[in-house]
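K.L.:
what shape does this take:
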Amino acid sequence: MRPMVIASAMALALVASGCKVSTVPENGSAETTAGQADWPAFVNNFIEASFKSNPGFAVVQGRHEYDGQISDLSSAAIQGEVDRLKKVIADAEGFTDDKLTPEQRYERDYLVAVAKGQLFWIDPTGADQLHHNPAAYLGFVDPSVYITVPYAPKEQRLKAYIKFLQNVPRAVEQMRANIQTPMATSFVDYAKSAFGGFATYYPGDGVAAWKGVGTAEDQQALKTATDNAVKAMQETVTWVESQRAASKPNFALGKDKFQRMLADTEMVTTPVEELERIGRADLAANQKLLGEACARYAPGAAIPACMEKMNANKPQGGAVAGARAQLAGLKQFIQEHDIVTIPGPEEAKVEEAPPYNRQNFAYINIPGPYEKGLPSVYYIAPPDPSWPKAEQDGFVPGQADLLFTSVHEVWPGHFLNFLHANRSKNMFGRVFVGYAFAEGWAHYTEEMMRVKGVGGGTDETLIGQLSNALLRDCRYLSAIGMHTGSMTQAQSFDLFKNQCYQDVGNARQQAARGTYDPAYLNYTMGKLMIRKLRDDWSASRGGEKAWKSFHDQFLSFGGPPIPLVRQQMMNGKAEAVF
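P.N.:
Predicted coordinates:
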């Protein structure tokens, strides 16, 4: 995922600044605006207002006039953003069908969906993440764009980085003022680890990156800003830990808010009971395939032993080196099998994930649509050195498992998705790529590439793909169960370990993630919607022969909620179909 683009609970509540950007004339109203204003201008105003409200999001997109800024995270500014989003939704809905072309109607529905999704995460009647979940603030104090993205000469980026560090103490002070206690115990655990990671990263890699850069005055300013940012992070870690004694397992959204999350963020109105049934059916189907493959691959062995055999075949030189070796072969496979158009010459690099961002094994950082000619980086996390050696060894995936992580992150997953999105004819589709669209596409490609024969069609390859599919099935069921009250975090851990056959370290990490990222069901939910749409669309177009055309057309939309893509491709309703 591109950080701060996917609309997850922890990455994209597009938060407020005190700066309001109105699309209504001073003496106007929503109705007169809808009747008189130019729709393209309305869309552009929404994009620009989003950047002003979250300058860090703007920087990641490539708008470097916002360099060094961090959002105003005060309670008043958050309320200002809630009000702005409500007004945007009302004004956009005032552009009725008779005033818009078919393409503009689609874009209106896309914009309304984005605004509703952003609103849900910060609205006091919704998830209200900024008053409850410290993870919602991590994107604001993440400095990686300045350090790892070579968008300008180092001297220029150093000055932006110093300005950014100078804003960090204010941002975390506002966070501490906003968070209502008692916090969920899992939030305490994650916040302590993540903010502690920043306290290490700022004086470590955050200083080493600028060795010999700039003037003596720049270096002194860097030291002062670093010291102050580290102090602020250390104080934050102390504050977070001080909440532990009073913390409770109270992370759940509740059934009603969880159902609203699905509707507001992904246009999915399917009852959660039906969604759970669908998820359990997918889990059972994948478990059946796994059992059949293991009977051939490891005759007589239990499923955990079969998985251990697959994972024992580690990538040569470690996960980073192994992933580097896999990417060229994956790209060649896509081209030889004519699976999807590769629209440009860009490649992705592979690096070890920085210490502050290791809550998942892998992720990708992709330049935004306003950048030109910059590299994407596929990051892979090493195991936590505090874990027992056996857990550390288990955390490093087998060669086949890693293959589908590389499929997911790069070819033809996230990286290819954003190559297409960044070439969308509408800037809106380049900027706002949704969680279920991006993660659903990336997860869908794992199964699709296996069906096409990647990895030679071996049982070991199949088991590697199913390991990833089962992981996402357990995310899906954990999100529903933990946030509607039928599952505890401990039961989620057991599910990951015993039903989806994850190692202890991953099972612990994934169960914890579900508490602060309730939308991580989007991997499987998105995959299932995309697979069904593909089958429905291609049924009258030659079946599997039409898959490339389907993939290209699907990716051309940018990243709206998948029900909206179904409406456009099937000429029907904007609805979730599984």
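
K.L.:
now do the contacts for Asp123.
P.N.:
When contacts are counted by CB atoms under 8 Å, 6 or more residues apart in numbering, Asp123 is found next to Val82. Where you see a C-beta, it was placed from the backbone N, CA and C, and this is true even at glycine.

K.L.:
that one and Arg108, how far apart?
P.N.:
Distance of Asp123 to Arg108, given as CB to CB, to the nearest Å: 21 Å.

K.L.:
now Lys255
P.N.:
Distance from Lys255 to Arg108, by CB to CB: 30 Å.

K.L.:
repeat that for Gly56.
P.N.:
27 Å.

K.L.:
which one's more surrounded, the two?
P.N.:
A direct count of neighbours by other CB atoms under 10 Å for Gly56 and Arg108 places Gly56 higher, at 26 against 21.

K.L.:
which residues sit in contact with the residue nearest to that one when sequence neighbours are not counted?
P.N.:
Leaving aside its sequence neighbours, Gly56 sits nearest to Phe140 (CB to CB, 6 or more residues apart in numbering; 5.6 Å). Neighbouring residues of Phe140 by CB under 8 Å, 6+ apart: Val15, Gly56, Ile70, Ser71, Leu73, Ala171.

K.L.:
ok, 7 Å please
P.N.:
The contact partners of Phe140, taken as CB atoms under 7 Å, 6 or more residues apart in numbering, are Gly56, Ile70, Ser71, Leu73, Ala171.

K.L.:
among these, which ones are in helices?
P.N.:
If you go by DSSP state H, the contacts of Phe140 have Gly56, Ala171 in helices.

K.L.:
tell me which helix or strand comes right after the helix or strand of the chain with the lowest mean pLDDT.
P.N.:
Ranking every helix and strand in the chain by mean pLDDT, DSSP states H and E puts helix 30-36 at the bottom, with a mean of 41. Using DSSP states H and E, the helix or strand that follows helix 30-36 towards the C-terminus is helix 39-53.

K.L.:
now that next one, how far from the chain's geometric center?
P.N.:
22 Å (CA atoms, centre = their mean, to the nearest Å).

K.L.:
what of stretch 109-116?
P.N.:
The chain centroid and the centroid of stretch 109-116 are separated by 18 Å under CA atoms, centre = their mean.

K.L.:
residues making contact with that stretch?
P.N.:
Contacts for stretch 109-116 (CB under 7 Å, 6+ apart): 43, 46, 85, 88-89, 92-93, 264, 267, 428, 432, 560-561, 564, 574.

K.L.:
of those - the most surrounded one?
P.N.:
Neighbour-wise, these (other CB under 10 Å) top out at Pro561, 29 neighbours.

K.L.:
for Ile342, what are its contacts?
P.N.:
Ile334, Gln335, Leu416.

K.L.:
can you rerun that using 10 Å?
P.N.:
By CB atoms under 10 Å, 6 or more residues apart in numbering, Ile342 lies in contact with Lys331, Ile334, Gln335, Trp411, Pro412, Phe415, Leu416, Leu419, His420.

K.L.:
now do the buried residues in whatever helix or strand Gly197 lives in.
P.N.:
Element membership of Gly197, judged by DSSP H and E, is helix 185-201. By 16 or more other CB atoms under 10 Å, the buried positions in helix 185-201 come out as 185-199, 201.

K.L.:
cool, stretch 228-248 as well?
P.N.:
Ala229, Val230, Ala232, Met233, Glu235, Thr236, Val237, Trp239, Val240, Gln243, Ser247.

K.L.:
of these, closest to Thr488?
P.N.:
Ser247 (14.8 Å; CB to CB).

K.L.:
so where do the helices sit in the stretch 1-150 of the chain?
P.N.:
Assigned by DSSP state H, counting those that start in this stretch, the stretch 1-150 of the chain shows helices spanning 30-36, 39-53, 55-61, 75-93, 102-122, 144-148.

K.L.:
who wins for proximity to Pro369 among those helices?
P.N.:
helix 55-61 (6.2 Å).

K.L.:
other SSEs contacting that closest one?
P.N.:
helix 39-53, helix 144-148, helix 154-178, helix 427-431 (3 or more CB pairs under 10 Å, 6 or more residues apart in numbering; DSSP states H and E).

K.L.:
which residues touch Gly373?
P.N.:
Pro150, Tyr151, Glu346, Pro367.

K.L.:
can you lay out the residues you listed as JSON lines showing pLDDT and secondary structure?
P.N.:
Shown next, in JSON lines, are those (pLDDT from 0 to 100; DSSP: H, G, I helix; E, B strand; the rest coil):
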{"residue": "Pro150", "pLDDT": "91", "secondary structure": "coil"}
{"residue": "Tyr151", "pLDDT": "96", "secondary structure": "coil"}
{"residue": "Glu346", "pLDDT": "92", "secondary structure": "coil"}
{"residue": "Pro367", "pLDDT": "90", "secondary structure": "coil"}
